[in-house]
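Participant: below are the sequence and a predicted model for it; my questions follow.
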Amino acid sequence: MIGDSPLVQVAQRAVDLERAVAFYVDLLDVPVAATFDPPGLAFLVLGDTRLLLERGAPSALLYFAVDDLDARVERLRASGVAIVAEPHTIFGHADATLGPAGTEERMAFLTDSEGNTVALVEHRQHGAQPGA
């Protein structure tokens with residue numbers, strides 16, 4: 001059933017669990033669902049997927065969907081988050097194979113509180129202006 005099974009959980013490295021929780025709660029605007037410390041675990045629920053912040057987990061590259069990439073990046077920059085790559089178009093979706101047809105997939109990359117790289121992803125209608 002692996003091919004039909006949705007993604008259940010992703011773990012991300014948290015050197016300082018409290019700091020990582022504060023960062024991801026702010027980034028994703030969701031509350032912490034549960035914390036177990038020890039052993040150093042915190043869970044945030046994102047739809048049908050759990051984000052596990054875990055001491056000792058390897059770093060993962062996480063991609064989070066946002067509605068307004070430019071506004072989100074500016075808000076994060078203003079709060080002191082390091083932006084690694086500014087918002088830019090990655091791919092145009094002529095069909096729905098990898099994203100909504102007729103959209104441009106735009107991404108920006110940032111560094112989280114634990115030194116992990118995180119990506120933000122926006123699907124914007126071809127030719128639409130930021131915030132549209």
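Facilitator: All right, it came through fine. Here the structure is a predicted model, which is why all the values come from computation and not from measurement.
Participant: drop to CA atoms for contacts and neighbour counts, all remaining ones
Facilitator: OK.
Participant: grab the nearest non-local neighbour of the residue nearest in space to the middle of the chain.
Facilitator: Relative to the mean C-alpha position of the chain, the nearest C-alpha, by Cα atoms, centre = their mean, is the one of residue 64, at 2.9 Å. Using Cα to Cα, 6 or more residues apart in numbering and skipping the chain neighbours, the partner closest in space to residue 64 is residue 120 (4.9 Å).
Participant: try residue 34
Facilitator: Once its chain neighbours are removed from consideration, residue 34 has its nearest residue in residue 43; the separation is 5.3 Å (Cα to Cα, 6+ apart).
Participant: would you mind measuring from the one you found to residue 97?
Facilitator: Remark: distance between residue 43 and residue 97 (Cα to Cα, to the nearest Å) = 31 Å.
Participant: so those two - more neighbours on which side?
Facilitator: With neighbours defined as other Cα atoms under 10 Å, residue 43 and residue 97 compare such that residue 43 has more, 20 against 8.
Participant: isn't residue 82 up against residue 110?
Facilitator: Yes - in this structure, residue 82 is within contact of residue 110 by Cα atoms under 8 Å, at 5.7 Å.
Participant: quick one, which of these two is more surrounded?
Facilitator: The neighbour count for residue 82 versus residue 110, taken as other Cα under 10 Å, is higher for residue 110 (20 against 17).
Participant: you'd agree the more buried one is in a strand?
Facilitator: Yes - if the criterion is DSSP: H, G, I helix; E, B strand; the rest coil, then residue 110 is within a strand.
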